[in-house]
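# only geometry, no sequence info:
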């Protein structure tokens with residue numbers, strides 16, 4: 001487990017670089033994580049994905065697969081890869097303050 005200082009606060013990260021404690025998550029921290037992940041400024045479309053996967057995690061205990069995400073969130077696969085390049089499910093989960101999805105390598 002590692003730690004990084006974000007927003008003048010130290011947060012713990014798990015072995016995959018995701019937040020160890022979801023309670024540390026905030027929208028400001030999400031933007032910092034997006035910058036680290038080369039996602040850039042979070043737009044309404046990013047927030048739609050982030051809020052959707054947080055809701056799914058709260059209800060199901062895991063972030064949704066890319067297939068479910070694109071089918072139920074209203075964001076196409078192509079757009080998802082544009083919003084969160086090079087691993088959209090993992091990056092979106094990381095920015096949302098969630099653990100790495102079980103289906104991700």
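In hand now; what should we look at? Keep in mind it's a predicted model, so treat the numbers as computed, not measured. Residues are numbered from 1 along each chain as shown.
# What is the least confident helix or strand in this protein?
For the chain, the helix or strand with the lowest mean confidence is strand 2-6, at a mean of 50 (criterion: mean pLDDT, DSSP states H and E).
# how close does residue 91 get to residue 82?
Residue 91 is 12 Å from residue 82, where distance means Cβ to Cβ, to the nearest Å. For glycine as for every other residue, the C-beta is placed from the backbone atoms N, C-alpha and C.
# Between the two, which is the more surrounded one?
Per other Cβ atoms under 10 Å, whichever of residue 91 and residue 82 has more neighbours is residue 91, with 21 against 12.
# Would you confirm that the more buried one contacts residue 84?
Yes - under the criterion of Cβ atoms under 8 Å, residue 91 makes contact with residue 84 at 4.2 Å.
# Now residue 39: closest residue in space that isn't a chain neighbour?
Nearest residue to residue 39, sequence neighbours excluded (Cβ to Cβ, 6 or more residues apart in numbering): residue 84, at 6.0 Å.
# Show me the strands in this protein, by range?
Assigned strands in the chain, in chain order: 2-6, 9-13 (criterion: DSSP state E).
# still on that earlier bit, shared neighbours, residue 91 and residue 84?
Taking Cβ atoms under 8 Å, 6 or more residues apart in numbering as the criterion, residue 91 and residue 84 both touch 37, 39.
# Quick one: residues contacting residue 95.
Residue 95 is in contact with 30, 33, 34, 37, 39, 42, 46, 50, 84, counting by Cβ under 8 Å, 6+ apart.
# Right, I'll call it a day here.
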